[in-house]
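*Asks:* Kindly return the folded structure for what I paste below:
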Amino acid sequence: PEYYRWPGDLSPSLGLKFSDVPTGFAAFSKVPGSGWAQMVAFAGTVELFQYVDDPKRAPGDFENAGSLGIPNGFVRVSDPETRKKKLSAELANGRLAMMAIMGMFFQDGLTGSAWGDWANYVDSPLRAFENELGVQPPVGFWDPAGFTAEGNQYDFYR
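*Replies:* Numbers count the residues shown, from 1 in each chain. Sure thing, here's the model as predicted:
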């Protein structure tokens with residue numbers, strides 16, 4: 001579910017408000033090119049100038065980042081064991097977040113909404129046998145294992 005939307009205009013020159021932008025993949029076509037350029041420029045600036053790799057430090061250990069990667073953070077983790085534990089948790093949570101967003105992309109591609117209800121997905125292959133025995137669009141009737149050779153519906157469902 002959506003918890004918050006920014007108030008105001010996304011693009012005043014185009015008359016586009018934040019509330020006009022849908023969630024999921026549909027948002028890609030609504031955000032103007034200049035908006036995408038701003039996002040790429042910001043991310044590029046952070047990558048090139050804020051978090052610069054230092055060959056003398058471990059990967060991801062940036063000099064000007066404090067705890068949790070906060071730029072110029074004042075909270076430092078000095079205990080090596082605590083630091084290792086926090087970095088391991090950060091890696092695990094990052095991997096979990098990547099799997100979750102991939103699941104949302106998949107759901108959005110199938111249902112049209114990242115927060116969609118799977119019950120609304122009428123093209124699901126899981127519904128192949130709802131109306132007629134053995135019908136699977138687009139190939140029609142397909143039974144390579146011969147479960148329906150006897151014509152017994154009970155055996156087919158078993």
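*Asks:* Can you list the helices and strands that the helix or strand in which residue 88 is found packs against?
*Replies:* Using DSSP states H and E, residue 88 falls within helix 80-111. Here helix 80-111 touches no other helix or strand, going by 3 or more CB pairs under 8 Å, 6 or more residues apart in numbering; DSSP states H and E. (Glycine included, C-beta is placed from N, CA and C.)
*Asks:* what stretches of this structure score poorly on pLDDT?
*Replies:* 1, 66-74, 116-142, 147-153, 155-158 (pLDDT under 70).
*Asks:* Helices along that one, start to end?
*Replies:* 26-30, 33-45, 80-111, 153-157 (DSSP state H).
*Asks:* Would you reformat those helices as CSV and include mean neighbour count and distance to residue 65?
*Replies:* CSV is the format used below for those (neighbours: other CB atoms under 10 Å; distance: least, CB to CB, whole Å):
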stretch, mean neighbour count, distance to residue 65
helix 26-30, 11, 30
helix 33-45, 10, 15
helix 80-111, 12, 12
helix 153-157, 11, 58
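*Asks:* So which of these is nearest residue 51?
*Replies:* helix 33-45 (10.4 Å; CB to CB).
*Asks:* who touches that closest one?
*Replies:* Residues outside helix 33-45 that contact it (CB atoms under 8 Å, 6 or more residues apart in numbering): 10, 11.
*Asks:* 10 Å instead, please
*Replies:* Residues outside helix 33-45 that contact it (CB atoms under 10 Å, 6 or more residues apart in numbering): 10, 11, 13, 14, 16, 21, 28, 31, 32.
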